[in-house]
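Chemist: Just to be clear, the model below is a prediction. Sequence and coordinates:
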Amino acid sequence: MNKVMYLEFERCIGCRACQAACRECGGHDAKERNYVEYVNFFENRQTYPMMCMQCKDPACAKVCPANAIQITEEGVVLSAMEDKCIGCRNCTFGCPFGIPKFDFEENKMYKCDMCYDRTKHDISPMCASVCPSDAIRFIDHDEMMDLRRRRTQMNLIEGKKPSENDKWEYVPEFFGVYSD
Amino acid sequence: MSQLEKSFYSKASMYSFVVVTVLFFLMWVGTGQFSHMDWMLFGYMVSSFIFFIGITVRLTSWLMRPATNEVIKRSIRNMKTKKRQKRNWRAITKTLIDNIILQKFIFKRGLYRGVQHWLIAWGCIGSLAITFGLTFGWMHFKLIDATTYQMVVFGIPTLEMAPDGFLAQMFFEGLNITASMLLIGLAMAITRRIKNHDLQVTQRAEFDLFPLYILLAVTLTGLFLTVSYKLLGGWMHPQLALIHQITVVVFLIYFPFGKLFHLPIRPMAMSVPMNYQETPEVDTKTCLGCDELYSNDEQIADVKAMLGAQAFDLTNEDGDWLAEYCPACRRKLRVMSQLNLPKKTNSKPTPIETNNGIHMPGFGRKRSEEFYQSAEAKEEF
Ligand code: SF4
Ligand code: SF4
C-alpha cells in the first residue's frame, strides 16, 4: 500500500456521500461504518467526516478480550472477526476516537477497515472515491506532505499563527498505512 | 500456585502437564488399568492428546492477554460475590441457551447462516464427544445377555437397553446422526463460500476454507464407513477406516490452531451480561461530556485497567480517561484538537449566548423574571 488517507475536516460540506458509499460496500449489510457529524450544531452547520485512524498500536484490539480484532501485515486494523467477537463492546470504549460501532441484533462489532480489499491494491476506499469536496482523499505520501506544507504557509487557522516550532500542529491529519 | 509454576517452563507447560496427567488417569480408569484398550483407535488416541495439549496451550496464552485476564478476573470475582449470585446464574443460563445452544445471534445474521452454523457446531461437538468417549475408553458397550446391552462409563455399569430399542439405536447411530448434520451444514457453508462474492473478497483459503474441507473429508469418509459395512458387505473396510482415521487425526491436530478455536472461547460471552451490560441496550453510566448514558461503571473500569496494564495513556488535559466520554464526544474531541480549537470538555454543550439582555428575543417571549423585577425596582426610585 503506497497511499495514505488525508482528511481536511473543514472541507466537509455535509453531503454524507461517504456514508452512502460505505453502506454500498459488500459485506457491510447496508450499515455505514464512518461518521459525519456537526462540530457544534448550536453554532453553525459545519460538519466533519470521521473514520478509523488505523492506529499503529490500536487500543481497540488491545482491550478486546476475545482477540477478535486483527491487524493486517500492512497495518490495517480490521473489523472484528465474526467467529470470535463475543459482543462485549470493550472496543467501542477503548478506542480513543470513538470509532467502532456495535450491532446489538447480531451481537458483533463492526468498524472501518479502510476498505482493505480495495486499498491493498491501492484503490481508493469507497468514502474517498466519492467525496465531492476532497475532504477525504486517498493520495500518495509525497502529495500529502506537499499539501501539509502548503497549509502551514497558508496559515488557515484563524487567530493563531503557527511558528516554526509548532507548525505541524496546524495541518490536517493524515492516517492510514504506507510503505515508503 | 506461583511456587508450583516456577517448577515449569511456563504456565502453558504446567497446565498441559496437568491436563495430560488427568487424561492419562481417566484413561487408566476407563480401560480397567489398560486391560481393554482398543488398539484400532491408537491414532485417534495420540491425536486426541495433541488436541488437548493444543487447546490448553492456546487457552493459557489467550487467558494471559491483559484484556482477557481482566474480564476473567472480574467474572471470578463476581462468581464469588454472594449478592450477585442471582444475576450470575441468570447470565449463565441465558448465554448458554441463547448464545450456545440456540445460537440466536447467528440466526439474526441470516436464517441460512444460522441453520448452517447450528448444524456444523452441534454436529462437531457431538462427534467430538463420542470420539473422545470411545478413544479414551471412557465408555463402551457390553452385552450382558442376549437381549440386553449395557453402557459402561468409566468402568461403572450404567444404562441397560435392548439392542434394537430406540435408545440403543440413538447411541449406535450417534456418529451417523452427527455426521449427517455436519454434511448438510458443510454443504450449505461451502455453497455460501462459493456463491457469495462479498465473502470471497475477504476469505482466506487456509483460514476459512481449510476447516470446511477437512471437516467434509472427515464426515464423508466416516459416512462411507457406515455405507461400506451396512450396504457393501464390508467392502474395503480396513482401508476406508485408515483413511478416515487420517482425516480425523489431521482435524484434531488442526483444531486448536485454526478458526475452530472459537469454540472453546465462546463461553466467555456469558461475562457480558454477568459483568457488564445486564440487559442488552440498557446503559447505566453517563458520559462526562454530554451526560448521555453510554455504558456501565464496571465496563469502563475494566477498559481503563486493560489500557493501563498495556501502558496506554489515553487521558486528556483534565486527567479524565477518554473512555469516560461517550464515542460521539470522543470523536468531537479528536476533531476539535485537530482544528486547534480545544474546548472545555467537561461542560455540557450550550447554545451560544446571543441574548444580550436588552433586545427581546422575538415572538413576544417574556424575559427572565429578574429583568422585570429590576425594572420595577428602578421605577420606584
Ligand atoms: S465487542 Fe467484539 S471486537 Fe469488540 S472488544 Fe468485545 S469481543 Fe472484541
Ligand atoms: S478503532 Fe480506534 S483504536 Fe482501533 S484502530 Fe481505529 S482509531 Fe485506532
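Modeler: Ah, there it is. Ligands and ions are numbered 1, 2, ... in the order given.

Chemist: Tell me where chain B has strands.
Modeler: Using DSSP state E, the strands of chain B run over B:139-145, B:148-153, B:156-161, B:285-286, B:293-295.

Chemist: most tightly surrounded among these?
Modeler: strand B:293-295 (a mean of 20; mean count of other Cβ atoms under 10 Å in any protein chain shown). Any C-beta I mention is one placed from the backbone N, CA and C, and that applies to glycine too.

Chemist: quick one: strands adjacent to that strand?
Modeler: Sheet pairing of strand B:293-295 (DSSP bridges) gives strand B:285-286 (antiparallel).

Chemist: can you redo the strands of chain B as CSV with mean pLDDT and distance to B:S75?
Modeler: Output for these, formatted as CSV (pLDDT from 0 to 100; distance: least, Cβ to Cβ, whole Å):
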stretch, mean pLDDT, distance to B:S75
strand B:139-145, 78, 32
strand B:148-153, 81, 31
strand B:156-161, 80, 33
strand B:285-286, 93, 19
strand B:293-295, 93, 18
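
Chemist: Around the nearest residue in space to A:K101 that is not next to it in sequence, how many other residues sit close by?
Modeler: Among residues not flanking A:K101 along the chain, A:Y110 sits closest, at 5.6 Å (Cβ to Cβ, 6 or more residues apart in numbering or on different chains). Neighbour count for A:Y110, taken as other Cβ atoms under 10 Å in any protein chain shown: 20.

Chemist: Can stretch B:308-315 be said to contact ligand 1?
Modeler: No: Stretch B:308-315 does not reach ligand 1 (Cβ under 6 Å from any ligand atom); its nearest approach is 13.8 Å.

Chemist: Could you do stretch B:82-102 as well?
Modeler: No: counting by Cβ under 6 Å from any ligand atom, ligand 1 is not contacted by stretch B:82-102; separation bottoms out at 12.7 Å.

Chemist: Tell me the confidence at the nearest residue to B:L186 once chain neighbours are set aside?
Modeler: Nearest residue to B:L186, sequence neighbours excluded (Cβ to Cβ, 6+ apart): B:L216, at 5.0 Å. Looking at B:L216, its pLDDT is 96.

Chemist: Equivalent analysis for the one 4 residues further on, please.
Modeler: Confidence at B:L220, expressed as pLDDT, is 95.

Chemist: In contact with it: list those residues for me.
Modeler: B:L183 (Cβ atoms under 8 Å, 6 or more residues apart in numbering or on different chains).

Chemist: on that earlier part again, so what's the residue nearest to A:K101 up against?
Modeler: Here A:Y110 is in contact with A:28, A:31, A:33, A:79-80, A:100-103 (criterion: Cβ under 8 Å, 6+ apart).

Chemist: ditto for B:L215
Modeler: Taking Cβ under 8 Å, 6+ apart, we find B:L215 in contact with B:120, B:124, B:182, B:186, B:251.

Chemist: again, 6 Å this time
Modeler: By Cβ atoms under 6 Å, 6 or more residues apart in numbering or on different chains, the residues touching B:L215 are B:L186.

Chemist: B:K83: neighbour count?
Modeler: Residues lying near B:K83 (other Cβ under 10 Å) number 8.

Chemist: actually B:I72, not the one I typed
Modeler: 17.

Chemist: So for it, what's the pLDDT?
Modeler: According to the model, B:I72 scores 94 on pLDDT.

Chemist: Can you tell me the closest non-neighbouring residue to it?
Modeler: Ranked by Cβ to Cβ, 6+ apart and with sequence neighbours excluded, the top spatial neighbour of B:I72 is B:L63, at 6.1 Å.

Chemist: for A:D142, what are its contacts?
Modeler: A:D142 neighbours (Cβ under 6 Å, 6+ apart): none.

Chemist: Checking my notes, it in a helix, right?
Modeler: Yes: using DSSP: H, G, I helix; E, B strand; the rest coil, the assignment for A:D142 is a helix.
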